[in-house]
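# Let me see the structure of the following:
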Amino acid sequence: MNPDDGRTCPWCGSRETEQIGEWGPQLLTEQWICRACRTPFERIRRDP
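The predicted structure follows:
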């Protein structure tokens, strides 16, 4: 993974994140959670 791929926690900067939902509240977002600070966050979906 490269540093600006959107999977870094925006709250603590940890790279220990896990995708918890393929779709967020909007169709263009995904849901992730940080394993370090346990804070959920969303990121904009990117085409594979």
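# CA only for contacts and neighbour counts going forward, please
Fine.
# tell me which residues in stretch 40-48 are buried?
Within stretch 40-48, the residues scored as buried using 16 or more other CA atoms under 10 Å are 40-43, 45.
# Using the three-state scheme, assign Ile33.
Under the three-state scheme (DSSP: H, G, I helix; E, B strand; the rest coil), Ile33 adopts strand.
# So what pairs up with the residue nearest to Gly21 when sequence neighbours are not counted in the strands?
Computed as CA to CA, 6 or more residues apart in numbering, the closest residue to Gly21 that is not its neighbour in sequence is Gln31, at 4.7 Å. Gln31 forms beta bridges with Gly21, Glu42, as assigned by DSSP bridges.
# Hmm, Glu30 and Gly21 touching each other?
Yes: contact criterion CA atoms under 8 Å: Gly21 and Glu30 qualify, at 5.9 Å.
# the more surrounded of those two?
Glu30 (19 against 13; other CA atoms under 10 Å).
# ok, that one to Arg43 distance?
Counting by CA to CA, to the nearest Å, the gap from Glu30 to Arg43 is 6 Å.
# got it, and Ala36?
17 Å.
# do Pro10 as well
Taking CA to CA, one finds Pro10 at 10 Å from Arg43.
# repeat for Pro25
From Pro25 to Arg43 the distance is 11 Å (CA to CA).
# For these two, list the residues in contact with both.
Listed as contacting both Pro25 and Arg43 by CA atoms under 8 Å, 6 or more residues apart in numbering is no residue at all.
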